[in-house]
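Trainee: can't give you the sequence, but here's the structure:
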């Protein structure tokens with residue numbers, strides 16, 4: 001099988017190191033998923049995300065002249081775009097935060113007044 005940059009393939013994790021994971025795409029091709037290409041979040045330990053034998057989808061980032069293949073797991077899975085918020089939902093969120101602030105503020109003022117009245121006696 002010919003490996004093409006930009007294509008997505010199914011592979012199996014064959015090894016894990018501190019800096020990445022090796023993925024076997026076919027009988028002749030094994031590539032490296034660098035630790036920065038494992039997930040969209042910070043990855044401290046690859047073993048928290050991947051195990052040897054796991055089947056994963058990978059996107060080919062590059063193929064070097066010496067045959068080394070750079071892969072990405074996080075780019076192989078499309079990330080859903082966040083839905084734009086409507087003005088109404090922003091207003092609702094603001095009003096909820098304002099109501100919560102007013103409630104907290106009223107409680108704190110009440111406590112302060114009780115404390116000051118107690119000192120006057």
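Mentor: Received it, and whenever you're ready, just let me know what you need. Since this is a predicted model, take the numbers as computed values, not measurements.
Trainee: Can you tell me the element residue 111 falls in?
Mentor: Using DSSP states H and E, residue 111 sits within helix 87-120.
Trainee: where's residue 43 relative to residue 16, distance?
Mentor: 12 Å (C-beta to C-beta, to the nearest Å). For every residue, glycine as well, the C-beta is placed using N, CA and C.
Trainee: now do residue 66
Mentor: According to C-beta to C-beta, residue 66 and residue 16 sit 22 Å apart.
Trainee: Looking at these two, which one has more neighbours?
Mentor: For residue 66 and residue 16, the more surrounded residue by other C-beta atoms under 10 Å is residue 16, and the numbers stand at 19 against 5.
Trainee: That one against residue 48, yeah?
Mentor: No. In this structure residue 16 lies outside contact range of residue 48 using C-beta atoms under 8 Å: 10.8 Å.
Trainee: Low-confidence ranges, this protein, go.
Mentor: For the chain, the stretches flagged by pLDDT under 70 are 1, 79-81, 83, 85, 87, 120-121.
Trainee: From the recorded domain assignment, give the ranges for it.
Mentor: Residue ranges for the domains of the chain, per automatic domain parsing: 8-72, 81-121.
Trainee: Turn the ones you listed into a markdown table, including distance to residue 2.
Mentor: As requested, the domains of the chain are exported to a markdown table (distance: least, C-beta to C-beta, whole Å):
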| stretch | distance to residue 2 |
| --- | --- |
| domain 8-72 | 9 |
| domain 81-121 | 32 |
